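Novice: just to be clear, the model below is a prediction. Sequence and coordinates:
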Amino acid sequence: MIKDKDNFSSLYDFIDVAKANRKYPANTANNLKSALKIFENELNQDELKSIRMIEDSIEEIFRSVVMANKQKSIVSLNTYKARLLKVITDYKKYGADPAEMRNWTVKTKKSTGVLINRDKTDKENINLSESIHKPVDNFHKIEFSLENGDKATILMPRSADKKDIETIKSLLDSFVK
């Protein structure tokens, strides 16, 4: 199944085979390969030839990875380390023998129903808009700045007739000095 047994590059092949056999979803396979790439950059020639050697010196390798990837958070790097160790564990169980790959039962995560119930409750409590029975503001709003920096606002009903407008105009004219 996997060509060069116990070789670091065989882990990439294992991930591809596991993905093809629906043991890893595509996104999981990609995440696992990303972890391999980060660690691969820090491995020496002997470690590249031996998965056992990687396991034995994982903490020293991890320190090198942390030093080389200072832009990444320690939490992310710990996640990559866990992914690498997961691939190694799965490889040791299922990678060497095709029969073992067939017997590999993938654990599926069961839904707890919490989100479904929460969504149902949230949908019942959501009010997307104000009541349509609320009266609409039905006026013209006129805003302008005065020469001295003050601001003025005039609210005028949309139903204002010519007489109302003349009254407002005469009020405005009375402010002129």
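Specialist: Everything's here; your move.

Novice: all helices for this structure, in order.
Specialist: 8-20, 26-40, 45-48, 51-56, 58-68, 74-90, 98-103, 114-125, 162-175 (DSSP state H).

Novice: what's the most buried one of those helices?
Specialist: helix 8-20 (a mean of 19; mean count of other Cβ atoms under 10 Å). For every residue, glycine as well, the C-beta is placed using N, CA and C.

Novice: ok, back up a step: could you tell me the least trusted of the helices of the chain?
Specialist: Least confident of those, judged by mean pLDDT, is helix 114-125 with a mean of 58.

Novice: now do the same end-to-end measure for stretch 139-154.
Specialist: 10 Å (Cα to Cα, to the nearest Å).

Novice: what sits up against it?
Specialist: Outside stretch 139-154, the residues within contact range by Cβ atoms under 8 Å, 6 or more residues apart in numbering are Leu155, Met156, Pro157, Arg158, Ile168.

Novice: for Ala160, see how far away the nearest residue to the fourth one once chain neighbours are set aside is.
Specialist: Taking Cβ to Cβ, 6 or more residues apart in numbering as the measure, Arg158 lies nearest to Asn138, with 5.0 Å between them; neighbours along the chain are not counted. Asn138 sits 11 Å away from Ala160 when distances are taken as Cβ to Cβ, to the nearest Å.

Novice: who's more crowded, these two?
Specialist: Between Asn138 and Ala160, counted using other Cβ atoms under 10 Å, Ala160 has the larger neighbour count: 14 against 8.

Novice: let me see the domain layout of this protein.
Specialist: For the chain, automatic domain parsing gives the domain ranges 8-108, 139-175.

Novice: Arg22 touches Val106, doesn't it?
Specialist: Yes: Arg22 is in contact with Val106 according to Cβ atoms under 8 Å; the separation is 7.4 Å.
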